[in-house]
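predicted structure and sequence below. I'll ask about it afterward.
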Amino acid sequence: MNYYDNFIEEFDDIEERYELVLSRIRQITHESVVKQPYGGYFTHVAAFITRIGDVLELVRKDALSDRSLSQLEAMNHGLYSDILGDNYNKSYANYRYITDEFMKDYSREKNEIKKIAQLLGFVYNEIRGMTVYAFEGRIVDITLLAELFVQIYFMFQDNFTVKELEDVIYYFENDYAEFFMSYRIREQLSPDLTFATDIVMNSDLEDVSYLYKYGEYISKNEIDTAIYLSTFTEEEIESMARTYTEGYRLGFEAAKIDLSAKKTVNIRYFLGQERMVKAAIEQFRAMGLEPICYRYAVSRINRRLISRVGYSSTVPNKQLEYDHRMDEALFLDKKLMERKLEVLRQAYRNLAHEASVYAGPAVIEVFGENPFEPVSCDANPVLDKKQQEIQVEYRTESAQIVNEYIEQDKCSFTIIAYPIPEIGDRYREIFRDTVRINTLDNELFRHIHQNIIDELDKADRVRVVGKGSNETDMLVMLHELDDPAKETNFENCVADVNIPVGEVFTSPKLTGTHGILNVSEVYLDGLRYVNLKLKFEDGKIAGYDCDNYSDHDMNQKFIRENLLGGRDTLPIGEFAIGTNTTAYVMANKYNIVYKLPILIVEKMGPHFAVGDTCYSWSEDNKLYNPDGKEIVAKDNECSILRKTDLAKAYFNCHTDITIPYDEIGGIYALHSDGTETAIIEDGRFVLPGTEKLNEPLQERI
């Protein structure tokens, strides 16, 4: 019996409740008791839930396999049609549209109508999550949301206040937090939940029909990825998977962590990659690790902004994701935060053993999606200042709970990335070149990196300056080395946890680190920033701006809400010099620089990360470079507070911002005697022993 069956046992009357509520909802599709402009909403949503009921019936009868490919495609498109493309302009999940529709109610104040529109728009978007619940057979989730919908439907048949509607949604989130959050933790830790693993291991991966078993939106990206991978030989697939799984193993070896004590690994992937994932599962099992494959969080109570952590497919509508990124503004308060923390702690307490044998994530990222620039809308829910503070507090305290049960100094990870067909007509060429980049010679880079590190360890500061229109001018303070013969500030990073190869990095001192960081264009967490400028004082952001909007205040708000996560500031957690010029040349060859993931972009020039250091929660672990020197620069003035005030030590984010080689005037190691040594000048490596890194750049010319 799997964990979901156990949940059904706890809801021993769930079958009866499901049948009753679905029967009532089927009736709503033919009723007109709710007056316009609200009636259309209830009719539409009831029709959607009815369709979900039909899907669940097919799943429970195991009848999906009887459907043809064209039937499966039509069903998938039908479930997502009202949010695709221009259809979203008239979707009840679109806050702008639903607000405009409800403004036809002339009996209420505009502010009341806006709040009603937000609450109902939120409920519909949560109900849309029933799609994936149906394919997983999650009758409890479907029933609870359906009952919420019917409860609200009855409210609209009579007089009600906005406060009463708010309360219904607030108490739904509060009352069922235990169910939704506890199940999410089980998904993340238990290998017994095998929905996705079964699809990967038991499907005919030559027949793309298997993609429709997930319930996710299936686009050309997923189909063409699966078709292309079917042209690879078994040896090629095994090799791709080996690069990924071996990188994972080497991460444990480098950190001197006993992998044999672990029993599970979380595999995160993009639909269409199942041939490689299947090979990886077999290789991980040979290491003694069972796979955990969970979907990204669907319900808002388990989700943060627009991040998708877990397996996923093409986002059907990125504007929808952006519009709903702060939906918790409709119900978040201190009491609910405390409730969530209580549930989280109990869930981990119940799964303490599973947490202790969890090894960490193995991630296959994708890149190549068309750039997305969100359109802001005043109709969208937005966290107020107090709620932003509550969220920051929740992230800090929840991270402490997680770390208590999943000790970060006993875990590792690996990340690798491949393109998706959306990247353009040369997708297959780019894919093959990406495979080559992911398998560059580790030993060659290790020796080159050592030359850079040896020079940087002689310095007490590093200066980074831009060229042309790039206004970067950063002075980075380095930690003092007590014993330079045995200690180093910089980690020699080759292709283990972070694939591909290519950077040396450190956690700099904050005090004295200052200047301007400027990038002409960068994508961070899926959002585009134009001419991003960050001003630093003593290593912390003291000012910021960009050119995304003509309005200065909108630019400030965009950066604060997204890059800073609602905070007033963030510290520099990392300074690094990327060395993978081969990746840089590939990016420019295909004109895909700004379609690459940060995983690759960070290897294509110097970069700064804002937020936590690379060593957060594991600073006391002893780490050594291949030359035997201990890496000692793992703390800064914020992270060291973990010893006295843990709540102020971590920010639970780490965002890399890379300056391309072509925008770099120079990187200089500055010595205490006033001398300096150039590492890079005019976008080229000039330090003796690094010249080979320029060869790909010369080929580009």
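Done, it's in.

ramachandran angles for Pro660?
Backbone dihedrals for Pro660, given as degrees, to the nearest 10, come out at phi -60, psi 150.

so it versus Gly466, what's the distance?
Going from Pro660 to Gly466 by CB to CB, to the nearest Å gives 10 Å. Any C-beta I mention is one placed from the backbone N, CA and C, and that applies to glycine too.

and if you look at Thr581?
18 Å.

which one's more surrounded, the two?
Neighbour totals were compared for Thr581 and Gly466, and Thr581 leads with 25 against 21 (other CB atoms under 10 Å).

I'd guessed that one sits against Asp662; true?
No. Using CB atoms under 8 Å, Thr581 is not in contact with Asp662, being 11.5 Å away.

now the residue nearest to Pro37 when sequence neighbours are not counted: which helix or strand?
Using CB to CB, 6 or more residues apart in numbering and skipping residues adjacent in sequence, the residue nearest Pro37 is Lys104, 4.2 Å away. Under the criterion DSSP states H and E, no helix or strand holds Lys104.

neighbours of Lys104, just the number please.
For Lys104, the count of nearby residues is 10 (other CB under 10 Å).

quick check: pLDDT value at it.
On pLDDT, Lys104 comes in at 95.

got it, and the one 5 residues further on?
If you check Glu109, the pLDDT there is 95.

cool, and Gln36?
According to the prediction, Gln36 has pLDDT 95.

grab the nearest non-local neighbour of it.
Nearest to Gln36 is Lys104, by CB to CB, 6+ apart, at 7.1 Å.

what of Glu619?
Lys634 (4.6 Å).

Gln408 versus that neighbour, what's the distance?
Distance, Lys634 to Gln408, by CB to CB: 12 Å.

between those two, who's got more neighbours?
Ranked by neighbour count (other CB under 10 Å), Lys634 and Gln408 place Lys634 first, with 23 against 17.

shouldn't the more buried one be within a strand?
No. Applying DSSP: H, G, I helix; E, B strand; the rest coil, one finds Lys634 to be coil, outside a strand.

go through the longest strand along the chain and flag the buried ones.
Taking DSSP state E as the criterion, the chain has its longest strand at strand 509-524. Within strand 509-524, the residues that qualify as buried by neighbour count (16 or more other CB atoms under 10 Å) are 509-510, 513-524.

partners of that strand, with directions?
Partners of strand 509-524 in the sheet, by DSSP bridges, are strand 473-477 (antiparallel), strand 527-537 (antiparallel).

lowest average confidence across those, which one?
strand 527-537 - the lowest mean pLDDT of the strands paired with strand 509-524, at a mean of 94.

CA atoms only: put that strand into PDB for me.
Taking Å, rounded to 0.1, in the frame of the first residue of the first chain, the C-alpha atoms of strand 527-537 are listed here in PDB:
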ATOM      1  CA  LEU A 527      12.900  36.600 -15.700                       C
ATOM      2  CA  ARG A 528      14.700  39.000 -17.900                       C
ATOM      3  CA  TYR A 529      16.600  42.000 -16.500                       C
ATOM      4  CA  VAL A 530      17.700  44.700 -18.900                       C
ATOM      5  CA  ASN A 531      20.800  46.800 -17.900                       C
ATOM      6  CA  LEU A 532      20.700  45.600 -14.400                       C
ATOM      7  CA  LYS A 533      22.800  47.700 -11.900                       C
ATOM      8  CA  LEU A 534      23.500  46.800  -8.300                       C
ATOM      9  CA  LYS A 535      25.300  49.000  -5.900                       C
ATOM     10  CA  PHE A 536      27.200  47.400  -3.100                       C
ATOM     11  CA  GLU A 537      28.500  48.800   0.200                       C
END
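
can you tell me what sits against it?
Strand 527-537 is touched from outside by 371-374, 471, 474, 513-523, 541-548, 559, 562-563, 572, 594, 610, 657, with contacts defined as CB atoms under 8 Å, 6 or more residues apart in numbering.

same question, stretch 220-238
Contact partners of stretch 220-238, identified using CB under 8 Å, 6+ apart, comprise 205-206, 208, 211, 216, 240, 270-276, 279, 313-314, 420-422, 427-428, 431.

ok, now with 6 Å
206, 208, 211, 271-272, 275-276, 279, 313-314, 420-422 (CB atoms under 6 Å, 6 or more residues apart in numbering).

can you check stretch 69-83 too?
With contact meaning CB under 6 Å, 6+ apart, stretch 69-83 is reached by 91, 93, 131, 209, 212, 217-218, 316-317, 320.

flag the shaky bits of this structure, pLDDT-wise.
Residues of the chain meeting the criterion pLDDT under 70: 1-9, 699-701.

any idea how far Arg528 is from the residue most central in space within it?
By CA atoms, centre = their mean, the chain has its centre lying nearest to Ser307, at 3.9 Å. For Ser307, the distance to Arg528 equals 16 Å [CB to CB].

for Ala46, give me its contacts.
By CB under 6 Å, 6+ apart, Ala46 lies in contact with 25, 28-29.

what of Phe122?
Taking CB under 6 Å, 6+ apart, one finds 327, 330 in contact with Phe122.

the nearest residue to Ala647 once chain neighbours are set aside is in what secondary structure piece?
Distances taken as CB to CB, 6+ apart place Thr396 nearest to Ala647, at 5.5 Å, with adjacent residues excluded. Thr396 is part of helix 385-405, with elements assigned from DSSP H and E.

which parts of that helix are buried?
For helix 385-405, the neighbour count (16+ other CB under 10 Å) marks 387-388, 390-392, 394-403, 405 as buried.

next one: stretch 26-37
By neighbour count with 16+ other CB under 10 Å, stretch 26-37 contains the buried residues 28, 34, 37.

do stretch 213-227 as well
Neighbour counts using 16+ other CB under 10 Å place 213-219, 221-226 of stretch 213-227 among the buried residues.

greatest separation within those residues: which pair is it?
Spanning the widest gap among these are Gly215 and Asp224, at 19.9 Å by CB to CB.

next one: phi and psi at Val501?
The phi/psi pair for Val501 (degrees, to the nearest 10) reads phi -60, psi 160.

out of the buried residues of strand 509-524, which is nearest to Glu354?
For those, the nearest to Glu354 is Leu524 (32.7 Å; CB to CB).

run through the residues that contact that closest one.
Residues counted as contacts of Leu524 (CB under 6 Å, 6+ apart) are Thr655.

could you report the neighbour count for Leu623?
Quick note: Leu623 (other CB under 10 Å) scores 17 neighbours.

Asp323 against Pro381, yeah?
No. Using CB atoms under 6 Å, Asp323 is not in contact with Pro381, being 8.8 Å away.

more neighbours: which of those two?
Taking neighbours as other CB under 10 Å, Asp323 and Pro381 compare with Asp323 leading, 25 against 22.

can you pull out the strands in the stretch 201-350 of the chain?
With DSSP state E, counting those that start in this stretch as the criterion, the stretch 201-350 of the chain has strands at 264-268, 290-292.

mean neighbour count added to the ones you listed, as CSV?
CSV is the format used below for those (neighbours: other CB atoms under 10 Å):
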stretch, mean neighbour count
strand 264-268, 24
strand 290-292, 22
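
what sits against His514?
Counting by CB under 6 Å, 6+ apart, His514 touches 475, 536-537.

list the beta-bridge partners for it.
Going by DSSP bridges, His514 is paired in beta bridges with Leu475.

could you do Ile657 as well?
With DSSP bridges as the rule, Ile657 is bridged to Phe608.

how much space between it and Thr414?
For Ile657, the distance to Thr414 - CB to CB - is 22 Å.

how about Ser312?
Counting by CB to CB, the gap from Ser312 to Thr414 is 18 Å.

next: Tyr176.
Where Thr414 is concerned, Tyr176 sits at a distance of 35 Å (CB to CB).

what do you get for Gly251?
Counting by CB to CB - Gly251 and Thr414 are separated by 6 Å.

mutual contacts of the two, please.
Common contact partners of Gly251 and Thr414 (CB under 6 Å, 6+ apart): Val497.
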